[in-house]
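S.K.: mind folding the following:
(2 chains)
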Amino acid sequence: MVYDLKSSLQRVMVLCIKDMKLYYFKGPTIVMGLLMPLFLWLAFMIGAKLPLARGLLALIVISAFFTASSITPIVMPWETRQKTLEMILSKPVTIYTILFGTALASTLFGIFISFILIATGLLINLIPHNIVLLILGVPVASLCYSFMGLLFSAIPSDIPADAVLLSTVVRFPLIFISGIFIPIQKLPYYIRPLAYISPLTYFSDLIDNIYNYNSLLNPLVDLLILLILMVVFMVLALVVNKATLTKRL
Amino acid sequence: MKNGKPRKRGIIRFMGVVEAYDLVKKFGSVVAVDGVSFTVKEGEIYGILGPNGAGKTTTIRLTIGVLKPDRGEAYIMGYNVHKEPVKARSFIGVVPEVSNPYVDLTVWDNLMLVGGLYCLPRAIKVERAVSLLKTLGIYDVRNRKVRTLSKGMRRRLLVAMALIGDPDILFLDEPTSGLDVFSARVIKRLLLELKKHGKTIILTTHNIDEAGLLCDRVAVMSKGKIVASGTPEELKIRFGMYTRILVCFDREVDENSLRGYLEGLDIIVQGRRLIITCKTEDLNDILNRITVMVKHNSLRIRELQASGLSLEDVFVRLVKGV
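M.R.: Model prediction:
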């Protein structure tokens, strides 16, 4: 049992490293994971004339969201197209090992970019007052968004752009309803319920609390909801990807 | 022992290292594999022979657990490939027909990746990778991205990737299909070498010569079913009741003018040559009919041969159902 778990984790790591080598520098990852959040942020910064410190917090949140969910949608369609999925599946791995490897690579990407921005914040005296929450919150949120991205990869297509398009259609509106640039209290009353089903709301709220002591919910509640959403997205992603796997082979 | 686990399980039904029972797979209304069963014994080369579309690749994919059958079960070393896929696949290496290595990784990185999936320690991975790359003649290109390799080199890399885990059983789907003579020879030589080291090899091919040369036993597939199986020699003997007669005339002959004399027989006319496949017991009668035909058409026989069927003839008869 321990041996099986150890070798499964070893295989997840091997696949994660493979995904990091192959997909961190792919076009869709750079465009949707790095450039898009950056330009969105710039547009808001200039349009809403946000102070730099406030703006950087928004950038941390949307970068974690976009980077952590940028790789997971494209891996399965890409590997289907390249005919590498069947090669990997003929080795001693299951589809779950492959999916966990991809999710881990995407999560690490989100964590890496987030911590670069957090370090940048230190240079302008943007200091988190709760390091533990920050160290827990960023990985949990990145995992949550990574598994959310993995849901889109279940689309039984061998065209990565199909999964990217679907994920963009879902992810893009979330930026406007999750209290990142516009506080939830200022949103029209009919949109507010949507804000509470957005996974982005709780990370945004958590970051607000970590830096400004200013949040709608208790930060532990934010963290707990992110954890629950992570589990829900993980289970859904594993189930739907397994269900559509036969259409890929 | 392998990976710290016992290699064999103490189950009564465990007859061969690979067992398939009544495998059925449909794609929509098309039955790709229809009730296929076979057992492969340890250390043998087992060939699945058939024309394109016979169901060979699907049979392999079902046997290794990449595809789920609509009915039936497959076992590798006693492990059900669908219930315990990781354990079952830890004993095998697969060279699929259609899949690829990662083209944006180097040859070396591809091998390290697969070695990692078999949980090999780094020193063993490196040692095996060097040895395999040298054996397969692609050591010099180890730092090149796969994208830049020829088809033959990619195929040899796939073989190396299948062997890096030192599997007991090797599955190869059309291993030499579309390869240049040199690459095909390298792979065939390696397969015979692996057999000498006690490896079990299961390969699909539509190349009869390859099957005759490499395989200890052959299963002939047609329209999703195994229509015959046995050693190449057994198959030839089983169809030994048939004889092929080759007659070479002094001039070209017209098929229609010969038909009347050879009614009910399987004949092929090619210029001056006439090829007849017939039951051996009818040989006397047919020779008499040929004599009459020659006389009536004022033909002269330049050459006459009668021989048993080759594996190719057996294959054609089985697949055509004649």
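
S.K.: in the sheet, who's paired with whatever residue of the stretch 201-322 of chain B ends up closest to chain A?
M.R.: In the stretch 201-322 of chain B, the residue found nearest to chain A is B:I202; the distance is 12.8 Å by Cβ to the nearest Cβ. Quick note: C-beta positions are derived from backbone N, CA and C, even for glycine. Listed by DSSP bridges, the beta-bridge partners for B:I202 are B:Y46, B:F171.

S.K.: who's in contact with it?
M.R.: B:18, B:40, B:45-48, B:60, B:63, B:169-172 (Cβ atoms under 8 Å, 6 or more residues apart in numbering or on different chains).

S.K.: looking at it now. What's its pLDDT?
M.R.: For B:I202, the pLDDT comes out at 95.

S.K.: just how off-centre is stretch A:140-160 within its chain?
M.R.: Chain-centre distance of stretch A:140-160: 9 Å, with Cα atoms, centre = their mean, to the nearest Å.

S.K.: how about it, does it reach chain B?
M.R.: No - contact of stretch A:140-160 with chain B (Cβ under 8 Å from any Cβ of the partner chain) is absent, the minimum separation being 12.7 Å.

S.K.: correct me, but A:G110 touches A:V140?
M.R.: No - counting by Cβ atoms under 8 Å, A:G110 stays clear of A:V140, with 10.7 Å between them.

S.K.: of the two, give the one with the bigger neighbour count.
M.R.: Using other Cβ atoms under 10 Å in any protein chain shown as the criterion, A:G110 and A:V140 rank with A:G110 on top: 28 against 21.

S.K.: just the element for that one, please.
M.R.: helix A:95-123 (DSSP states H and E).

S.K.: list the buried residues for that helix?
M.R.: Buried positions in helix A:95-123, judged by neighbour count with 16 or more other Cβ atoms under 10 Å in any protein chain shown: A:95, A:97-111, A:113-115, A:117-118, A:121.

S.K.: ok, now stretch A:19-26?
M.R.: Buried residues in stretch A:19-26, counting neighbours by 16+ other Cβ under 10 Å, are found at A:19-20, A:22-24, A:26.

S.K.: would JSON lines of the residues you listed with secondary structure, distance to chain B and pLDDT be doable?
M.R.: What follows is the buried residues of stretch A:19-26, written out as JSON lines (DSSP: H, G, I helix; E, B strand; the rest coil; distance: Cβ to the nearest Cβ, whole Å; pLDDT from 0 to 100):
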{"residue": "A:D19", "secondary structure": "helix", "distance to chain B": "11", "pLDDT": "94"}
{"residue": "A:M20", "secondary structure": "helix", "distance to chain B": "12", "pLDDT": "93"}
{"residue": "A:L22", "secondary structure": "helix", "distance to chain B": "6", "pLDDT": "92"}
{"residue": "A:Y23", "secondary structure": "helix", "distance to chain B": "10", "pLDDT": "90"}
{"residue": "A:Y24", "secondary structure": "coil", "distance to chain B": "12", "pLDDT": "88"}
{"residue": "A:K26", "secondary structure": "coil", "distance to chain B": "9", "pLDDT": "84"}
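
S.K.: which pair of those residues spans the longest distance?
M.R.: The span of the buried residues of stretch A:19-26, defined through Cβ to Cβ, is set by A:M20 and A:K26 at 11.2 Å.

S.K.: quick one: the helix or strand that contains B:D109 near chain A?
M.R.: Taking DSSP H and E as the definition, B:D109 sits inside helix B:107-117. Yes - using Cβ under 8 Å from any Cβ, helix B:107-117 reaches chain A at B:109, B:113-114, B:116-117.

S.K.: quick check: residues of chain A near chain B?
M.R.: A:3-4, A:7-8, A:10-11, A:13-15, A:17-18, A:21-22, A:82-94, A:246, A:249.

S.K.: could you list the low-pLDDT ranges of the chain?
M.R.: If you meant another chain, say so; for now it's chain A. Scanning chain A for pLDDT under 70 picks out A:1-3.

S.K.: let me rephrase: I mean chain B.
M.R.: Chain B contains residues with pLDDT under 70 at B:1-14, B:99, B:239-241, B:309-311, B:319-322.
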